[in-house]
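Peer 1: after the sequence you'll find the predicted model.
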Amino acid sequence: MLLLPLLLLAVIVPGGDNEDAFQGPTSFHVIQISTFANSTWAQNLGSGWLDDLQIHGWDSDSGTAIFLKPWSKGNFSDEEVAELEELFRVYLIGFIREVQDHVSEFQLEYPFVIQGIAGCELHTGKATRSFLQGALGGLDFVSIKNDSCAPAPEGGSKAQRFCALIIQYQAICDTVAKLLLETCPRYLLSVLDAGKAELQRQVKPEAWLSSGPPSRPGRLRLVCHVSGFYPKPVRVTWMRGEQEQPGAQQGDVMPNADWTWYLRVTLDVAAGEAAGLSCRVKHSSLGDQDIILYWGHSTSIGLILVVIIVVIILLICLALWFWRRWSYQTIL
């Protein structure tokens, strides 16, 4: 039964003509995180992803899937979805029970966390690559490829015993493989087709510059912010003329609440070397029209606006002074 949790996570997609036709996400994977606090309390968390876009969640209390997109079900009927939800509900309950039954055998100490990730990548032509990995406490434990179990070095003797155990469950492997080979490919291709309009959309980024805390006196930390873009791939560079500047630090591409992305790229320079630097943003939604922001221009515009506002206020004050002076003279 320890093999069943990992196999149920796997998604094996046979090659087909649809791969070339679809220009969108190239991978699908599911993640399971199971936390065991003690012998009586455990919790399962599950999610499904197209590349970096989460489209499924799992409600542990009700044992039902959470569909985060209108097209997350693909073309599956409500009856088919209900059957799969029941399958995973039973599996997750069984997973906790089986792990707790083998705590002593595998010398596990509470609390501990088991993680699993499995899925596939679509390549050009008819090639596909499936992957399935398990981790214990954040360290690689085992990976399963082509019906073989490979213990990770970090897993030690526990991982070796696990791989020796799962070969006893060939019948379960065959049953689950049939389910995955017949059901999962149809679902994956249908959800890609159902979500094609959103998955292939192009959203232009917004970009702005700011300064961060300097690393030391006499230095400047320039920050280029890029937000609101989709799809995820983007290239942000600090430039001097047409020369890319080395030493730029790129942060992680983070999701926004509206399913777009955010990125910041920083560059640490001497205070006297900031003039003439620019941030260049390349993204598929922009075509050949890159966004180029020059350091200092935004500051100059801000100063101009401040000066204009101050002048307007002074003119208003001066006009009021003359009006009051004129009114006073008229009364006299």
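Peer 2: Yes, it's here. Residues are numbered from 1 along each chain as shown.

Peer 1: what helix or strand is Ile55 located in?
Peer 2: Using DSSP states H and E, Ile55 sits within strand 53-59.

Peer 1: which strands or helices does that strand pack on?
Peer 2: Helices and strands touching strand 53-59, by 3 or more Cβ pairs under 8 Å, 6 or more residues apart in numbering; DSSP states H and E, are strand 42-50, strand 64-67. Yep, even glycine has a C-beta here, placed from its N, CA and C like the rest.

Peer 1: among those, which is nearest Ile31?
Peer 2: strand 42-50 (5.1 Å; Cβ to Cβ).

Peer 1: okay, the angle between that closest one and strand 53-59?
Peer 2: Orientation check (axes from the mean of the first three to the mean of the last three Cα atoms, to 10 degrees): strand 42-50 against strand 53-59 gives 150 degrees.

Peer 1: output strand 42-50 in CSV with nothing but the alpha carbons.
Peer 2: Extracted C-alpha coordinates of strand 42-50, given in CSV (Å, rounded to 0.1, in the frame of the first residue of the first chain):
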residue,chain,number,x,y,z
ALA,A,42,-2.1,13.9,10.5
GLN,A,43,-3.1,16.2,7.6
ASN,A,44,-2.9,15.9,3.8
LEU,A,45,-2.6,18.9,1.5
GLY,A,46,-2.9,18.5,-2.3
SER,A,47,-2.7,20.7,-5.4
GLY,A,48,-2.5,20.4,-9.1
TRP,A,49,-0.4,22.6,-11.4
LEU,A,50,0.0,23.4,-15.1
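
Peer 1: so how far is it from its chain's centroid?
Peer 2: 14 Å (Cα atoms, centre = their mean, to the nearest Å).

Peer 1: which residues sit against that strand?
Peer 2: 24-25, 27-37, 54-58, 60, 72, 88, 92, 95-96, 99-100, 119, 191-192, 195, 199 (Cβ atoms under 8 Å, 6 or more residues apart in numbering).

Peer 1: now, the residues you listed that are in strands?
Peer 2: If you go by DSSP state E, the contacts of strand 42-50 have 27-36, 54-58, 119 in strands.

Peer 1: quick one: which of the residues you listed is nearest Leu84?
Peer 2: Closest approach between the ones in strands among the contacts of strand 42-50 and Leu84, by Cβ to Cβ: His56, at 10.8 Å.

Peer 1: for that closest one, what are its contacts?
Peer 2: Val30, Gly46, Ser47, Gly48, Trp49, Ala65, Ile66, Phe67, Leu68, Ser72.

Peer 1: in PyMOL, select just the buried ones from those residues.
Peer 2: Here is the PyMOL command that picks out the buried ones among these, judged by 16 or more other Cβ atoms under 10 Å:
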select buried, resi 30+46+47+48+49+65+72
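
Peer 1: for the contacts of His56, which one is nearest Asp288?
Peer 2: Trp49 (31.4 Å).

Peer 1: who's the closest one bridged to?
Peer 2: Beta-bridge pairing for Trp49 (DSSP bridges): His29, Gln54.

Peer 1: what segments of the stretch 151-300 of the chain are strands?
Peer 2: 206-212, 219-229, 235-240, 243-244, 249-250, 254-255, 261-270, 277-282, 291-294 (DSSP state E, counting those that start in this stretch).

Peer 1: so which of these comes closest to Gln170?
Peer 2: strand 254-255 (40.9 Å).

Peer 1: tell me which other helices or strands the closest one touches.
Peer 2: Looks like strand 254-255 contacts strand 261-270 (3+ Cβ pairs under 8 Å, 6+ apart).

Peer 1: can I get the strand it packs on in PDB, CA atoms only?
Peer 2: The C-alpha coordinates for strand 261-270 follow below in PDB (Å, rounded to 0.1, in the frame of the first residue of the first chain):
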ATOM      1  CA  TRP A 261       3.400  37.700 -12.300                       C
ATOM      2  CA  TYR A 262       5.800  40.000 -10.600                       C
ATOM      3  CA  LEU A 263       9.600  40.300 -10.700                       C
ATOM      4  CA  ARG A 264      12.300  42.600  -9.300                       C
ATOM      5  CA  VAL A 265      15.900  42.900 -10.500                       C
ATOM      6  CA  THR A 266      18.400  44.900  -8.500                       C
ATOM      7  CA  LEU A 267      21.800  46.300  -9.400                       C
ATOM      8  CA  ASP A 268      24.400  47.500  -6.900                       C
ATOM      9  CA  VAL A 269      26.600  50.300  -8.200                       C
ATOM     10  CA  ALA A 270      28.800  53.100  -7.100                       C
END
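
Peer 1: and it with strand 235-240, angle?
Peer 2: Using the same axes, to 10 degrees: strand 261-270 against strand 235-240 is 20 degrees.

Peer 1: can you list the neighbours in contact with strand 261-270?
Peer 2: For strand 261-270, contacts defined as Cβ under 8 Å, 6+ apart pick out 212, 214-215, 218-230, 232, 234, 236-238, 245, 247-256, 277, 279.
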